[in-house]
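Student: one predicted model, sequence on top.
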Amino acid sequence: MLLGCIADDFTGASDLANTLAKGGMRTTQFVGIPEGDGRLDCEAGVVALKSRSIAPAEAVRQSLDALEWLRGQGCTQILFKYCSTFDSTPQGNIGPVAEALLDALDAPVAVVCPAFPLAGRMIFAGHLFVGGRLLNESGMQNHPLTPMTDADLCRWLRHQTRGEVGLVPFDVVRRGSEPIRAALDAQAAAGNRLVVVDALGDEDLMAIGAAIAGHRLVTGGSGIALGLPENFRRQGLLAAAAPQQARATGPGVALSGSCSVATREQVAVHLHAHPGLRVEAEALISSRITVADALAFVSEHLDRSPLIYSTADPDKVAAAQSRYGREAVAQSFEAFFADLARSLPALGVARLAVGGGETAGAVVTALGISQLRVGGEIDPGVPALVANGRTPLHLALKSGNFGGRDFYDRALRALEAV
Ligand SMILES: Nc1ncnc2c1ncn2[C@@H]1O[C@H](COP(=O)(O)OP(=O)(O)OP(=O)(O)O)[C@@H](O)[C@H]1O
Ligand SMILES: O=C(O)[C@@H](O)C(=O)CO
């Protein structure tokens, strides 16, 4: 293993694994920290944690444990992957985790670069734009767990860090790798260990990637990984990947817990041609709807790609949170999707498309999956995955705001052969 990655959620992990696999690295996604220290056979390992929305101290602890395991695998570079919309609160968890990793690696500096141009995430003058809008006007200001109310990444990150946060502006980035490398060295010399780097297009990310070839720690969205495989290839360290294919013959089901803008449209589109069961917070918490009801619904519509969803508009989410509390609502939905997922293999379900990082984390953990092989790309940032469990299961773990309008149907079809 050359590149060791720590992702703060499950859809983010598969987004990153997708970029690395496309870049030609033999990549495995791990569900949590694998047990044992036997050396595993891959070039990039992505440890998926569920640490985005937990207490900062616990996120730090889990990330350091993942780091230790990855170092034991021989990794020479560590990538901390967070969301391309920088999902975090003034307390964390991006800043505390990044600083703890810097300390543990005794690294002088690390870039902070959530840019993902293909998905419309760009950074200019340290400000994050999503789909052409400032982050705090992009819909992310309504996120149920990490409402993003400031697009200035340096200012937002400073709330979370002990140290000062630097910036490498676009006029340096567009001049290429050498000026970027020099600017990062200057930031490190000035004591700024975390440095936001502007990036508008993939060519910028390639240049940044080349500039950070020697960095022990890299932090960012999946875009920051675009240029990294080339660094290893240049050193002759990458082997050719043998093609693999697996078929899933059983039915497919979609589970949607994200309330993000793109997911809301995808749910509406899926419902035009497929059966769907909506699970509302009030109905779930008062047990008017149960996992058994959802299972009965899936069984009844098994051959028509049914969708079980809690996806709701911001006003509904806000009403549920003010009535029951944010944590309690999140826990109820996660427990619901976890229990439901656990029962699906017994119905013969062989393909699962899941929307939302927290939701995907709950589902994959409940299914007892420990490793995922990365297949082809379904949509930018969303690969098809094959789980290693006893029953063959093909999955797509979709970040809330990723994917085309007809994602759920297309993903379930794509999962037939991975
Ligand atoms: N109907 C609802 N009412 C209130 N909260 C909800 C409802 N449905 C889902 N939620 C909450 O919204 C959150 C969605 O988080 P999740 O990470 O799954 O999606 P996301 O943030 O859009 O995806 P990503 O992290 O991949 O961008 C969950 O914590 C869930 O508890
Ligand atoms: O970076 C992204 O936008 C995604 O991979 C993600 O982390 C959303 O959960």
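Tutor: Yes, it's here. Ligands and ions are numbered 1, 2, ... in the order given.

Student: tell me, how many residues neighbour Glu99?
Tutor: Neighbour count of Glu99, defined by other C-beta atoms under 10 Å: 19. C-beta: built from backbone N, CA, C; applies to glycine.

Student: what average pLDDT does stretch 389-407 get?
Tutor: What stretch 389-407 shows for mean pLDDT is 91.

Student: can you start the count at 40 instead of 1 from here on
Tutor: All right, first residue 40 from here; so that's stretch 428-446.

Student: flag every buried residue along that stretch.
Tutor: 431-442, 445-446 (16 or more other C-beta atoms under 10 Å).

Student: and the stretch 240-389 of the chain, which residues reach ligand 1?
Tutor: Contacts of the stretch 240-389 of the chain with ligand 1, taken as C-beta under 6 Å from any ligand atom, map to 296-299, 319-320, 349, 351, 355-356, 359, 368-369, 372.

Student: out of those, which one has the weakest pLDDT?
Tutor: Within those, pLDDT is lowest for Ser299, at 92.

Student: who's in contact with that residue?
Tutor: Gly178, His182, Gly395, Gly439, Asn440 (C-beta atoms under 8 Å, 6 or more residues apart in numbering).

Student: and Trp195, by the same measure?
Tutor: Under the criterion of C-beta under 8 Å, 6+ apart, the neighbours of Trp195 are Phe125, Ser127, Pro129, Met187, Asp189.

Student: I'd assumed Leu157 was in contact with Gly240.
Tutor: No - using C-beta atoms under 8 Å, Gly240 is not in contact with Leu157; the gap is 9.4 Å.

Student: mind listing the helices for the stretch 240-389 of the chain?
Tutor: Using DSSP state H, counting those that start in this stretch, the helices of the stretch 240-389 of the chain run over 241-250, 267-273, 300-312, 320-324, 330-339, 353-363, 365-382.

Student: and the ones you listed as TSV, adding distance to Cys44 and mean neighbour count?
Tutor: Below are the helices of the stretch 240-389 of the chain laid out as TSV (distance: least, C-beta to C-beta, whole Å; neighbours: other C-beta atoms under 10 Å):
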stretch	distance to Cys44	mean neighbour count
helix 241-250	14	22
helix 267-273	10	19
helix 300-312	24	19
helix 320-324	34	17
helix 330-339	33	16
helix 353-363	30	15
helix 365-382	24	19
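
Student: for Arg201, find the nearest of the ones you listed.
Tutor: Between Arg201 and these, the shortest gap by C-beta to C-beta is with helix 241-250, which sits at 24.6 Å.

Student: taking the buried residues of stretch 428-446 one by one, which sit in strands?
Tutor: If you go by DSSP state E, those have His433, Leu434, Ala435, Leu436, Lys437 in strands.

Student: now the first one: how far from Thr288?
Tutor: Separation of His433 from Thr288 (C-beta to C-beta, to the nearest Å): 10 Å.

Student: now the residue in the stretch 190-339 of the chain that ligand 2 sits nearest to. Nearest residue, chain neighbours left out?
Tutor: Ligand 2 sits closest to Gly260 of the stretch 190-339 of the chain, with a gap of 4.2 Å, by C-beta to the nearest ligand atom. Of all residues not flanking Gly260 in the chain, Ser123 sits nearest, at 3.6 Å (C-beta to C-beta, 6 or more residues apart in numbering).

Student: quick check, the one you found in contact with Pro156.
Tutor: No - counting by C-beta under 8 Å, Ser123 does not reach Pro156; the two are 9.7 Å apart.

Student: common neighbours of the two, please.
Tutor: Common neighbours of Ser123 and Pro156 (C-beta under 8 Å, 6+ apart) are Gly262.

Student: so which of the two has more stuff around it?
Tutor: Higher neighbour count among Ser123 and Pro156: Ser123, with 31 against 19, using other C-beta under 10 Å.

Student: can you pull the residues of the chain lying near ligand 2?
Tutor: Contact residues (C-beta under 6 Å from any ligand atom) of the chain with ligand 2: 48, 50-51, 54, 122-124, 155, 260-261, 396, 420, 438.

Student: now with 8 Å?
Tutor: Taking C-beta under 8 Å from any ligand atom as the measure of proximity, the chain contacts ligand 2 at 46-48, 50-55, 91, 120-124, 126, 153, 155, 158, 160, 260-261, 395-396, 420, 438-441.
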